[in-house]
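Q: Quick one, what's the 3D model for this:
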Amino acid sequence: MGGEVKTQVIVLNGSSSSGKTTIARCLKTILPTPWISLSIDDLLRALPPSLMDSDAGITFGKHGEITIGEGFREITSGWLAGLAGMARAGTRIIYDDVFLSGAESQARLQKHLVDVSVLWVGVHCDAKVAAAREVARGDRVVGGAAAQSSKVHEGVTYDLEVDTTSTESMECACNIAGRVS
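A: Residues are numbered from 1 along each chain as shown. Coordinates of the predicted model:
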């Protein structure tokens, strides 16, 4: 008597300012069961000062380029293992990330989530629209959205793709929620 495997993690991948966090907030409102949201931004806020703007950690260039060091990679591995552990323990998670290395980034996350039911969602947004959002936010290195807009999706396999260029976040969230088991 097998039942449908329940979705444990929704992964939202897209460039900076593509709308991932807003979609996550909408999903938490409309999904019938409790979900928490975590993001790569949460990890960045949790980093010690020694790993911010350092060769060992993560650096943000003047034009939106991002360089990742070994210290950041190690912490990220632990972060992803923890995320997977929470999912295995029954916590339903919406995770938003920026796959800077496209398919390679997805493969790293897949290794941690190998026995977890995941809904992979690509969040697209026109580079110019995302860049305008980035400037309006004021808390991002300008240029990241444009630099990442296609790179983050290269070679990535999705169950569903949404585009926030002209579609409201709530509509995107409703499309995603329709795929959650």
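
Q: I'd guessed residue 95 sits against residue 9; true?
A: Yes - contact criterion C-beta atoms under 8 Å: residue 95 and residue 9 qualify, at 6.0 Å. The C-beta positions use only the backbone N, C-alpha and C, and glycine is treated the same way.

Q: Can you check which residues contact both of the two?
A: By C-beta atoms under 8 Å, 6 or more residues apart in numbering, residue 95 and residue 9 have these common neighbours: residue 83.

Q: okay, and for this structure, where does confidence drop off?
A: Applying pLDDT under 70 to the chain picks out residues 1-4, 138-140.

Q: Tell me where it has strands.
A: Ranges of strands in the chain, per DSSP state E, are 9-13, 36-39, 58-60, 66-68, 93-97, 118-124, 160-163.

Q: Of all those, which one comes closest to residue 19?
A: Minimum separation from residue 19 across the strands of the chain (C-beta to C-beta) falls at strand 118-124, 5.9 Å.

Q: now that closest one and strand 93-97, what's the angle there?
A: 40 degrees (axes from the mean of the first three to the mean of the last three C-alpha atoms, to 10 degrees).

Q: Show me how far strand 118-124 is from its chain's centre.
A: Distance, stretch centre to chain centre, for strand 118-124: 8 Å (C-alpha atoms, centre = their mean, to the nearest Å).

Q: swap in stretch 167-181?
A: Offset of stretch 167-181 from its chain centre (C-alpha atoms, centre = their mean): 16 Å.

Q: Show me what counts as buried in it.
A: Buried residues in stretch 167-181, counting neighbours by 16 or more other C-beta atoms under 10 Å, are found at 169, 172, 173, 176, 177, 180.

Q: Kindly indicate which of the residues you listed lies nearest residue 5.
A: residue 180 (11.5 Å).

Q: That's all I had, so thanks and see you.
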